[in-house]
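Student: got a predicted structure here, sequence first:
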Amino acid sequence: MKPLKNILQVRRFCQYKPLLIELVSRDLKVKYRRSFLGYLWSLLNPLLMMTIMTVVFSYMFRFKIPNYPLYLICGQTLWSFFNESTTMAMSSVIVNGPLIRKVYIPKYIFPVSRVLSSFVTMSFSLAAILIVMLVTRVPLTWKLLLVPIPLVFLLLFCTGVGMALSALAVHFRDILHLYSVVVMAWMYLTPIFYPISALPEKVAFFIKFNPMYHYITFFREVVLYGTLPSAACWLGCAGYSALALLVGTLVFRKLQRNFILYL
C-alpha cells in the first residue's frame with residue numbers, strides 16, 4: 001500500500017511539472033526585470049565580490065592560502081546559493097497565500113520552485129569560477145567531472161531546509177526576522193573567507209559538524225586542488241542532504257494541513 005502511495009505522489013509531482021517550470025521562470029524574470037545587464041549579473045556579481053574580499057582578507061587579515069581568489073569564490077558561490085535559496089523559500093508559501101486560497105496546488109511546489117530558481121542563477125555563476133581558474137592557470141583535470149555531485153547534494157539540502165522554513169514561517173512569522181541573524185552567524189562559522197587550519201583544534205572539530213563545510217570542501221577539492229574528496233566528505237554531503245530532505249518533508253507535510261488558517 002505504501003509503495004503505491006509513493007508512486008501516486010511521484011505521478012502527481014510530474015503532473016505539476018509545467019507549473020514548477022513556470023514558477024522558476026517567473027522568479028528569474030522578476031529577479032532581472034528592468035536590469036540592463038540582466039543575467040550577466042550572475043557572472044559579474046561573484047567576480048566583483050571576490051575581488052573586494054580578496055583585497056580585504058589577503059592584505060588586511062593576511063590569510064596565507066594558495067590561489068586565494070579561487071578559494072574564496074568557490075566558497076562564496078555555494079554559500080550565496082544556500083543563503084538566497086533558503087531565504088526565498090522561507091517566504092514562498094506566505095507570498096503565494098492568495099493563490100493557495102483560490103485553487104488547489106501542492107504547496108511544496110512553491111519552496112521547491114524558489115530553490116530551483118536560485119540553483120539556475122548559481123549555475124550561471126559557475127562561469128565566473130571557470131574564468132578565475134583560467135586566469136590563475138589552475139590545471140583542468142578530470143576531477144572537474146565531479147563538480148555536479150556537491151551541487152546536487154547542496155540542492156537537496158537547500159530543498160529540505162527551505163521546505164521546513166516555509167512551513168514554520170507560516171505558523172511563526174518571527175522566523176522571517178530571526179533567520180537573517182542565524183544565517184549571519186552560520187556564515188562566520190563556515191570556512192568561506194578563512195582556512196579551517198587557522199582555528200583552534202577544538203573549534204575546528206565542531207566546525208566539521210557544519211553541513212556547509214562539507215559541501216564547500218568537496219567543491220574546493222575537485223575545482224581548486226584537483227583531488228578526490230575523502231570518504232568522510234562524501235558521507236557528510238550525502239548524509240546531511242538526506243537528513244535535511246527527510247526532516248523538511250516531514251515538517252512540511254505535518255504543518256501544511258493548517259496553512260489555510262494562517263495565510
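Tutor: Yep, that arrived. Numbers count the residues shown, from 1 in each chain.
Student: identify the residue nearest residue 219 in space, chain neighbours excluded?
Tutor: residue 150 (4.6 Å; C-beta to C-beta, 6 or more residues apart in numbering). All C-beta spots, glycine's among them, are computed from the backbone N, C-alpha and C.
Student: for residue 248, same thing?
Tutor: residue 160 (3.3 Å).
Student: the one you found sits in which helix or strand?
Tutor: For residue 160, the host element (DSSP states H and E) is helix 148-171.
Student: quick one: buried residues of stretch 213-226?
Tutor: 213-225 (16 or more other C-beta atoms under 10 Å).
Student: could I get those as JSON lines with pLDDT?
Tutor: Listed next are the buried residues of stretch 213-226 as JSON lines, based on pLDDT from 0 to 100:
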{"residue": "213", "pLDDT": "96"}
{"residue": "214", "pLDDT": "96"}
{"residue": "215", "pLDDT": "97"}
{"residue": "216", "pLDDT": "96"}
{"residue": "217", "pLDDT": "96"}
{"residue": "218", "pLDDT": "96"}
{"residue": "219", "pLDDT": "96"}
{"residue": "220", "pLDDT": "95"}
{"residue": "221", "pLDDT": "95"}
{"residue": "222", "pLDDT": "95"}
{"residue": "223", "pLDDT": "94"}
{"residue": "224", "pLDDT": "92"}
{"residue": "225", "pLDDT": "92"}
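Student: among those residues, which ones are in helices?
Tutor: Among the buried residues of stretch 213-226, the residues falling in helices (DSSP state H) are 213-220.
Student: now the helix or strand residue 186 falls within and helix 148-171, what's the angle there?
Tutor: Element membership for residue 186 (DSSP H and E) is helix 175-188. Per axes from the mean of the first three to the mean of the last three C-alpha atoms, to 10 degrees, the angle that helix 175-188 makes with helix 148-171 is 150 degrees.
Student: CA atoms of helix 175-188 as CSV?
Tutor: C-alpha atoms of helix 175-188 as CSV (Å, rounded to 0.1, in the frame of the first residue of the first chain):
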residue,chain,number,x,y,z
ILE,A,175,11.3,33.2,11.8
LEU,A,176,11.3,35.6,8.9
HIS,A,177,13.2,38.1,11.0
LEU,A,178,15.3,35.7,13.1
TYR,A,179,16.6,33.7,10.1
SER,A,180,18.8,36.6,8.9
VAL,A,181,20.7,36.6,12.2
VAL,A,182,21.0,32.8,12.1
VAL,A,183,22.4,32.9,8.6
MET,A,184,25.0,35.6,9.5
ALA,A,185,26.3,33.5,12.4
TRP,A,186,26.3,30.4,10.3
MET,A,187,28.3,32.2,7.6
TYR,A,188,31.1,33.1,10.0
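Student: rounded mean pLDDT for that helix, please.
Tutor: For helix 175-188, mean pLDDT is 91.
Student: who touches that helix?
Tutor: The contact list for helix 175-188 (C-beta atoms under 8 Å, 6 or more residues apart in numbering) reads 79, 83, 86-87, 90-91, 165, 168-169, 210, 212.
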